[in-house]
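Asks: below is the sequence, then the predicted model.
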Amino acid sequence: MQKFSNTISALTALFLIFFLFSRAQASETIGSIDSDNYKSQICENEACTMTSTSTIFWGNVANKTKVVVNDSGISGYIWIPSYGMVALDCEDTSTGCTNSAQGGNFKVSNTPEGKLSGLAYGEFFGWINFGPFKNSSASQVVINNKGEWNGYAWSADHGWIKFDCSLPGYCVKTDWRPAIARVKSVVMDVPAKSPEPQPQIQVSSKPQSISDVMIARMRSIPEKKDPQALATKTPTKAESKPSKLAKLWAKLKAIFHKN
């Protein structure tokens with residue numbers, strides 16, 4: 001019975017792990033862009049302040065493929081005012097990855113750790129390089145465990161593009177998560193198995209010596225009454241009342257004396 005119970009517990013734990021992992025697969029491995037955090041900024045000046053033409057929109061673009069993030073890359077389209085749409089993967093373009101007029105073969109790649117690289121292309125905006133960068137110490141865009149994008153991309157025609165989720169208006173966020181974050185979330189969600197009850201064993205904190213045993217036994221022996229104390233003891237009402245046998249014996253003695 002105990003083995004059967006353990007088997008059921010193990011199967012239940014495996015089912016929970018499978019269920020939670022499957023749930024994570026739905027959004028954390030194939031993610032979209034957050035509806036409240038979907039903007040990065042083109043640095044049109046040295047301070048990289050926000051202007052009326054500096055914002056890049058990563059939200060859904062009308063009549064175009066929305067941005068999708070997975071473990072190997074990013075696909076879909078982004079929108080830049082005055083310049084139009086920019087494709088993140090040549091597979092999404094109408095001509096595919098072979099037409100040099102549409103940028104040819106390009107793609108923004110991702111890793112399971114969330115580090116972006118590669119190229120995006122817009123017919124009117126030009127190329128956006130997500131790294132690696134030459135002759136620059138700027139950090140590539142990295143998606144952290146919260147799905148936040150932080151770092152820089154480079155446009156040869158327009159300058160640096162800033163991603164910074166500590167600043168409103170510069171933050172792009174996704175529900176995709178790096179592999180390490182997915183593993184942590186699954187482990188934390190699995191309920192811990194309750195420990196099986198163990199039999200309670202009473203163990204003396206101090207071993208008993210022979211003298212302790214002898215004293216305990218002597219205390220259990222009924223106390224002997226002192227004969228002298230009994231002789232001088234005042235009889236109780238119950239003790240002073242003669243028994244039926246004593247009354248019968250007294251009657252026999254009286255009859256014997258009369259005769």
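Replies: That came in fine, so what should we check first? Numbering: from 1, shown residues only.

Asks: over to V183. Which of the three states is it?
Replies: helix (DSSP: H, G, I helix; E, B strand; the rest coil).

Asks: distance check, it against G73.
Replies: 21 Å (Cβ to Cβ, to the nearest Å). Backbone N, C-alpha and C define where each C-beta goes, glycine included.

Asks: show me which of the two is the more surrounded one.
Replies: Per other Cβ atoms under 10 Å, whichever of V183 and G73 has more neighbours is G73, with 18 against 13.

Asks: the more buried one contacts G118, correct?
Replies: Yes - taking Cβ atoms under 8 Å as the definition, G73 is a contact partner of G118 at 7.4 Å.

Asks: find residues that contact each of the two.
Replies: Residues touching both G73 and G118 by Cβ atoms under 8 Å, 6 or more residues apart in numbering: K107, V108, S109.

Asks: which one of these is nearest Y152?
Replies: V108 (13.7 Å; Cβ to Cβ).

Asks: got the contact list for that closest one?
Replies: Neighbour list for V108: G73, I74, L88, D89, L116, S117, G118, L119, A120, F130 [criterion: Cβ under 8 Å, 6+ apart].

Asks: any idea which of those residues has the most stuff around it?
Replies: Neighbour-wise, the contacts of V108 (other Cβ under 10 Å) top out at L88, 28 neighbours.

Asks: how about low-confidence regions in the protein?
Replies: Applying pLDDT under 70 to the chain flags the ranges 1-26, 100-103, 184-245, 249, 256-259.

Asks: strands along that one, start to end?
Replies: Along the chain, counting by DSSP state E, strands occupy 31-42, 55-57, 68-69, 73-75, 77-80, 84-87, 108-109, 117-122, 126-129, 142-143, 149-155, 159-163, 172-174.

Asks: tell me the helices and strands packed up against the fifth one.
Replies: Same thing as strand 77-80. Secondary-structure packing of strand 77-80 (3 or more Cβ pairs under 8 Å, 6 or more residues apart in numbering; DSSP states H and E): strand 55-57, strand 84-87.

Asks: swap in the third one?
Replies: With contacts defined as 3+ Cβ pairs under 8 Å, 6+ apart, strand 68-69 has these neighbours: strand 31-42.

Asks: what are the pairing partners of the strand it packs on, and which direction each?
Replies: strand 55-57 (antiparallel), strand 68-69 (antiparallel), strand 159-163 (antiparallel), strand 172-174 (antiparallel) (DSSP bridges).

Asks: out of these, the one nearest I33 is which?
Replies: Per Cβ to Cβ, nearest to I33 of the strands paired with strand 31-42: strand 172-174, 5.6 Å.

Asks: can you list contacts of that closest one?
Replies: For strand 172-174, the surrounding residues in contact (Cβ under 8 Å, 6+ apart) are 31-34, 36-40, 58, 69, 143, 146-149, 163, 165.

Asks: buried among those? Need that as a selection in ChimeraX.
Replies: A single ChimeraX command is used to select the members of the contacts of strand 172-174 judged buried by 16 or more other Cβ atoms under 10 Å:
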select :31,32,33,34,37,38,39,40,58,69,143,147,148,149,163,165
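
Asks: quick revisit: now the strands paired with strand 31-42 as a markdown table including distance to K253?
Replies: Output for the strands paired with strand 31-42, formatted as a markdown table (distance: least, Cβ to Cβ, whole Å):
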| stretch | distance to K253 |
| --- | --- |
| strand 55-57 | 130 |
| strand 68-69 | 121 |
| strand 159-163 | 126 |
| strand 172-174 | 118 |
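
Asks: quick one: contacts for S32?
Replies: Contacts for S32 (Cβ under 8 Å, 6+ apart) come out as K66, V67, V68, V69, T174, D175.

Asks: what is it paired to in the beta sheet?
Replies: V68.

Asks: tell me how far it lies from I255.
Replies: Distance from S32 to I255, by Cβ to Cβ: 122 Å.

Asks: which one of the contacts of V108 is nearest A156?
Replies: Ranked by distance to A156 (Cβ to Cβ), the contacts of V108 are led by L119 at 10.9 Å.

Asks: residues contacting that closest one?
Replies: Contacts of L119 (Cβ under 8 Å, 6+ apart): G103, F106, K107, V108, W127, I128, N129, F130.
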